[in-house]
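K.L.:
just a sequence and a predicted model for now, questions to come.
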Amino acid sequence: MAAAKKILVKQTRSINDTLEVHKRTIKALGLGRPNYVAIHNDTPAIRGMIRTVQHLVTVEDVK
């Protein structure tokens, strides 16, 4: 069985002055402050959360 593809999510902007749903999504991704990093499996659920806060994070593939 092939290993699941991983992605690195890095928070680039503060969650101050953002919607409550964006704050909760950032927390669910394991982030919280600018420059925090989390590694997740590349699943549709994670991609959906990233799409919600795409203006606050950057995404990279993990090799």
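P.N.:
Received, thanks. Numbers count the residues shown, from 1 in each chain.
K.L.:
now do the SS call for Val9.
P.N.:
Three-state call for Val9 (DSSP: H, G, I helix; E, B strand; the rest coil): strand.
K.L.:
determine the number of other residues adjacent to it.
P.N.:
21 (other C-beta atoms under 10 Å). Yep, even glycine has a C-beta here, placed from its N, CA and C like the rest.
K.L.:
just Tyr36 next, same as before
P.N.:
Neighbour number of Tyr36 under other C-beta under 10 Å is 15.
K.L.:
and what of the one 4 residues further on?
P.N.:
Neighbouring residues of His40 were enumerated by other C-beta under 10 Å; the total is 19.
K.L.:
find the nearest non-adjacent residue to it, please.
P.N.:
Spatial nearest neighbour of His40, excluding adjacent residues (C-beta to C-beta, 6 or more residues apart in numbering): Ile46 at 4.7 Å.
K.L.:
who's in contact with the one you found?
P.N.:
Ile46 sits next to 7, 9, 29, 40 when contact means C-beta atoms under 8 Å, 6 or more residues apart in numbering.
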